[in-house]
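3D, please:
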Amino acid sequence: MTVELHDQEATEAELLVISWLTPFFTELSGGVDIKRRAGNPLPFGLVREVSNVEDYLQSVSKAIVSVHWLAPTESDCTSVSRNGHRRMSYLLHNPQTDVPLVGGGTGYVEWLDVDHGPIWVDYAKDQIFRKVSRYELALPYNTIQ
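Numbers count the residues shown, from 1 in each chain. So this is what the prediction gives:
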C-alpha cells in the first residue's frame, strides 16, 4: 500500500479471546468462534465484541467482549460457563500473559475487568442453553512489522 498508515495497532479483542479460550474448548471437544455454524459441536463459545474505544494517550484499545457459553443441557452450561469464566479470570489476575493467537503471533492484555459473570440468557433454540459473561480488556498497541 502506498498511502501513509499508522505503524501500530492493537490485537483484535475477539481474536485474543477466541485464542485464549480455544485450548479450554478443545479439552471439552467443543469449539469457539465469532459465529456458530450448523454442525459446530457443543459446548461452544460465541465471542462478540460489544464496543471498542481507542485510548491514544495510553496506546491501548479498550474493548468490551461478550462470551456466550452454549451447551446442550442446563448442568453442562453451568459447568462450562463457570470453568470458562475461571479461564477468563486467569487474565484478570495474570495480565500480560502471552496468548498464542489463532493464525500466528502472540498477544496479551494490559488488564481485564469483569463487567458481569455468567448469567442466564434465553437462546433461540430450546435445545441449547446459554449463559453470557462480559469482559472489558485493554489491548496494547504493537508495531506492525
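
what's the strand ranked longest in the chain packed up against?
Longest strand of the chain, by residue count under DSSP state E: strand 129-143. Judged by 3 or more C-beta pairs under 8 Å, 6 or more residues apart in numbering; DSSP states H and E, the packing partners of strand 129-143 are strand 8-10, helix 13-27, strand 60-71, helix 74-93, strand 111-120. The C-beta positions use only the backbone N, C-alpha and C, and glycine is treated the same way.

list the buried ones in that strand?
Buried residues in strand 129-143, counted by 16 or more other C-beta atoms under 10 Å: 129-142.

and for stretch 29-48?
Under 16+ other C-beta under 10 Å, the buried positions of stretch 29-48 are 30-33, 36, 42-48.

with distance to residue 105 added, can I get the residues you listed in a markdown table?
Listed next are the buried residues of stretch 29-48 as a markdown table, based on distance: C-beta to C-beta, whole Å:
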| residue | distance to residue 105 |
| --- | --- |
| 30 | 24 |
| 31 | 21 |
| 32 | 18 |
| 33 | 18 |
| 36 | 25 |
| 42 | 29 |
| 43 | 26 |
| 44 | 24 |
| 45 | 21 |
| 46 | 23 |
| 47 | 18 |
| 48 | 22 |
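
those residues in strands, which ones?
Filtering those for strands - DSSP E - leaves 31-33, 44-48.

and these, which is closest to residue 87?
residue 45 (9.7 Å; C-beta to C-beta).

contacting residues for the closest residue to that closest one other than its chain neighbours?
Excluding the flanking residues, the one nearest residue 45 by C-beta to C-beta, 6 or more residues apart in numbering is residue 32, at 3.7 Å. With contact taken as C-beta atoms under 8 Å, 6 or more residues apart in numbering, residue 32 is in contact with 18, 21-22, 24-25, 44-47.
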